[in-house]
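>>> mind looking at a prediction? Sequence and model below.
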Amino acid sequence: MTAVYQPFKRIDVDRVRDEVSSERGARSIIERYGLEVRQRSSRWLRLRECPRCHYVSSSLAIGIRVDGEAWVHHSSARECRGDMFDLIGACEGFDARKDFRRALKIAMEMILIDGEVDDDERIARENERRKRREDAARAERQRIEAAQISAGNEWARLKREWWKKPRAYVESRRLDARKLIEHGYLLLDQDGNACVPLFGFDGELVNIARRFARPRDPSRKVTCMKDCPHSGGAYLGRLQEIQHGTTAVLTEGIFDSLTAAQIWPERVILGASGKGQLATIARHAAPLILEHGGRLVLVPQNDASGGGQDAMVRAGRAAQEAGLVLDRHLFVLDITPHKDLSDAHCHGWRP
Ligand SMILES: [Zn+2]
């Protein structure tokens with residue numbers, strides 16, 4: 001017998017990663033492991049079952065990015081997330097963070113790249129990169145979990161004897177404080193300042209914003225809890241409440257959000273904590289609205305500088321990019337000549 005010498009083929013880890021972190025890569029994994037896709041939106045393929053922990057979700061908690069960049073099982077404490085190598089590991093029942101070489105081999109076989117995986121140095125580098133990314137993601141998760149705990153504690157503390165708290169400030173804006181409190185949209189502190197929940201996009205309470213009746217510094221009417229996320233979520237409503245035929249209302253600021261909640265108790269109110277958040281919320285909400293056949297109503301503020309309208313125009317564009325069509329899924333509420341919804345409501349405006 002004579003030895004047959006195969007030409008040596010060096011594997012380019014970067015190339016395999018690029019190939020597998022793609023729409024084609026995600027699709028190959030879904031086919032190979034027979035993953036059941038429940039729903040598809042422009043960005044996510046939602047799975048029925050988590051390939052890692054096998055939890056079966058009736059909501060939209062488990063998904064693979066259409067572009068193959070990542071997969072995640074939301075609010076899962078376990079290691080149910082990562083890139084396509086991690087997804088392969090999850091489907092095969094091993095941890096790609098511990099055995100990257102094995103995940104790499106399967107990925108190569110799947111996308112038909114042949115050659116030998118024997119470049120130890122490159123694999124070590126890739127392992128290191130993946131570990132750093134994982135550490136950063138874990139630190140971020142811990143930060144959010146800590147925020148959920150402190151925001152939850154603060155909300156519980158504010159709730160104590162809520163009926164004894166002064167309601168005059170909130171009621172001066174023609175709001176029914178008692179009703180809003182009963183719905184979980186509002187709490188008051190001992191000075192009657194308005195406190196509202198900020199929910200992260202995964203539906204967890206992550207912060208509480210407070211609007212002062214008598215701010216010491218007039219340029220700082222609103223404060224948030226300082227070690228908790230100030231962005232990446234919405235006041236009052238959760239994205240997860242967007243269901244079949246939901247009308248969601250995008251507002252800016254605490255009083256406009258509370259006013260919307262009072263005027264439209266059956267709608268989901270998504271309140272932006274600042275102008276910059278309007279487009280972010282729209283980008284997250286729009287795919288869900290589209291999937292569920294709902295509607296999104298934008299309520300712009302008419303400030304003298306025009307900044308409120310501009311920010312809402314950007315939010316509208318983000319919603320359209322995600323597939324919402326103006327006058328079909330997407331509506332803009334005109335409250336001129338009033339400066340905002342709260343002001344309109346105080347002056348007797350009705351929808
Ligand atoms: Zn899971």
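Structure received.

>>> the strands in the stretch 151-300 of the chain, which residues?
Assigned by DSSP state E, counting those that start in this stretch, the stretch 151-300 of the chain shows strands spanning 187-188, 194-200, 205-211, 222-224, 233-236, 247-252, 268-272, 295-298.

>>> so how far is the third one off the chain centroid?
To tie it back to what came earlier, the one meant is strand 205-211. 16 Å (CA atoms, centre = their mean, to the nearest Å).

>>> quick check: mean pLDDT across that strand?
For strand 205-211, mean pLDDT rounds to 96.

>>> the nearest residue to residue 202 once chain neighbours are set aside: what's it in contact with?
In space, and not counting its chain neighbours, residue 202 is closest to residue 74: 4.8 Å by CB to CB, 6 or more residues apart in numbering. Every residue, glycine included, has its C-beta placed from N, CA and C. Going by CB atoms under 8 Å, 6 or more residues apart in numbering, residue 74 touches 61, 62, 63, 202.

>>> for those, which one is nearest the ion?
residue 62 (6.7 Å; CB to the ion).

>>> so the closest one sits right up against residue 49, yeah?
Yes - between residue 62 and residue 49 there is a contact under CB atoms under 8 Å: 7.1 Å.

>>> between these two, what contacts are shared?
In terms of CB under 8 Å, 6+ apart, residue 62 and residue 49 are both contacted by the residues residue 55.

>>> higher neighbour count, those two?
The neighbour count for residue 62 versus residue 49, taken as other CB atoms under 10 Å, is higher for residue 62 (27 against 15).

>>> distance check, that one against residue 69.
Separation of residue 62 from residue 69 (CB to CB, to the nearest Å): 16 Å.

>>> again with residue 42
14 Å.

>>> so for these two, which sits in the more crowded spot?
Neighbour count, other CB under 10 Å: between residue 42 and residue 69, residue 69 has more, with 15 against 12.

>>> go through the helix ranked longest in the chain and flag the buried ones.
Scanning the chain for the longest helix, with DSSP state H as the assignment, gives helix 120-159. Within helix 120-159, the residues that count as buried by 16 or more other CB atoms under 10 Å are 122-123, 126-127, 130, 134, 144, 147-148, 150-151, 154-155, 158.

>>> considering only those residues, which also neighbour the ion?
For the ion, no contacts are drawn from the buried residues of helix 120-159 by CB under 5 Å from the ion.

>>> okay if I get these as a markdown table plus pLDDT and distance to residue 182?
A markdown table is the format used below for those (pLDDT from 0 to 100; distance: CB to CB, whole Å):
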| residue | pLDDT | distance to residue 182 |
| --- | --- | --- |
| 122 | 76 | 60 |
| 123 | 79 | 58 |
| 126 | 81 | 54 |
| 127 | 82 | 53 |
| 130 | 82 | 48 |
| 134 | 81 | 43 |
| 144 | 90 | 28 |
| 147 | 94 | 25 |
| 148 | 94 | 23 |
| 150 | 95 | 24 |
| 151 | 96 | 20 |
| 154 | 96 | 19 |
| 155 | 97 | 14 |
| 158 | 97 | 14 |
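
>>> ok, these vs the ion, which is closest?
For the buried residues of helix 120-159, the nearest to the ion is residue 134 (15.8 Å; CB to the ion).
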